[in-house]
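Asker: I'll drop the sequence and a predicted model, then ask my questions.
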There are 2 protein chains.
Amino acid sequence: MNPHANGRAPVLRIDLSSSVPVYLQIASRLRALLVSGELKAGHRLPSVRQLAADLGVHHNTVALAYRELAKEGWLELRRGRGARVLRRAEPKADSGAKAEFLRRLEGLVAKAAADGLDPESISRQFEALRRKLWKGKSS
Amino acid sequence: MNPHANGRAPVLRIDLSSSVPVYLQIASRLRALLVSGELKAGHRLPSVRQLAADLGVHHNTVALAYRELAKEGWLELRRGRGARVLRRAEPKADSGAKAEFLRRLEGLVAKAAADGLDPESISRQFEALRRKLWKGKSS
DNA sequence: GGGCATTGTCTAGTGTACATAGACAATGTA
DNA sequence: TACATTGTCTATGTACACTAGACAATGCCC
């Protein structure tokens, strides 16, 4: 069942001490929910002010995240109406995106190794993510 | 003509159009080389001015990357002498680092899925990275 | 239809980080 | 001792993240 049983939108978690900008953390987390299908087409997101209040940031910060996702085709934004999840055609994979991804992945994994994280555990986590985030298309 | 051409193979590549700061790209790539053992203890890195000239950036930008790695215990920096790779004790894994890693990994993989990248190919790349970066530490 | 609360958007203002520029200080060497 | 080489420091311009608060579109209730 829905863990957010109060009828309100899910409360995301952000890390104010992270070097990753808050609006990107929000967009990133929401994108994961969209990709995995936990947020489906037609779903309404909380208003920028509601989510901002939940997170303790300014509503413009949330608006920036929403606009980022709208630009990627995930959301429809209309003033006075809110944010709705769209049905989105999957874009063609381009080689630039893949190169960028690989560079970032290398950096991330190298940092994990440098920090002494356990490789087996990390492999398991990665496979779990892969299954979850691509589950909508392989079946 | 290529502004970085100096007749030698590039030590590393950076992407000026990326949103990732240049000094972090440099540190990230070098960290991968350090973790994998391609840069061993005792090795000398190019001077900040040499590397900066290769990359087409200011030497202070490279110096910032070097200092980042020195702070992590990878390098010894002495003015007049250059940068040398240190023997470094692997730190204990702490849960904060792991949580941060997982958040970033989720964001990265979700973005890859959103961009239409192929999951099998990505899994293979991940395993290759894992083997390379944890070489000698695990079966 | 009128009034009004709700929603996303816009323009400004402020603080911080990134990158550059160039001087400075420590080290090695001829 | 001279001098070139090296990392470090202070200053400066620019872009970005976040906040602040007004504005405009929408839907709802009477």
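Answerer: Now that the structure is in, tell me what you want to look at.
Asker: Give me the domain ranges for chain A.
Answerer: A:22-85, A:95-138 (automatic domain parsing).
Asker: Could you export the ones you listed to a markdown table, including columns for mean pLDDT and distance to DNA strand D?
Answerer: The way it works is simple: take the backbone N, C-alpha and C, and place the C-beta from them, glycine included. Shown next, in a markdown table, are the domains of chain A (pLDDT from 0 to 100; distance: least, C-beta to the nearest atom of the strand, whole Å):
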| stretch | mean pLDDT | distance to DNA strand D |
| --- | --- | --- |
| domain A:22-85 | 97 | 3 |
| domain A:95-138 | 91 | 15 |
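Asker: wait, which of the ones you listed is closest to B:Arg78?
Answerer: domain A:95-138 (22.4 Å; C-beta to C-beta).
Asker: and that closest one with DNA strand C, contact?
Answerer: No - on the criterion C-beta under 7 Å from any atom of the strand, domain A:95-138 is out of touch with DNA strand C, staying 13.9 Å away.
Asker: So what's the gap between that domain and the chain middle?
Answerer: 15 Å (C-alpha atoms, centre = their mean, to the nearest Å).
Asker: before we move on, back to that, can you check which of the domains of chain A gets nearest to B:Ala32?
Answerer: Set against B:Ala32 and scored by C-beta to C-beta, those come closest in domain A:95-138, at 3.9 Å.
Asker: The closest one and chain B, are they touching?
Answerer: Yes - counting by C-beta under 8 Å from any C-beta of the partner chain, chain B has neighbours in domain A:95-138: A:97-98, A:100-120, A:122-123, A:125-127, A:129-130, A:133-134, A:138.
Asker: residues of the lengthiest helix in chain A that come out buried?
Answerer: For chain A, the helix that runs over the most residues, judged by DSSP state H, is helix A:95-114. Neighbour-count burial for helix A:95-114 flags A:97-98, A:100-114 (criterion: 16 or more other C-beta atoms under 10 Å in any protein chain shown).
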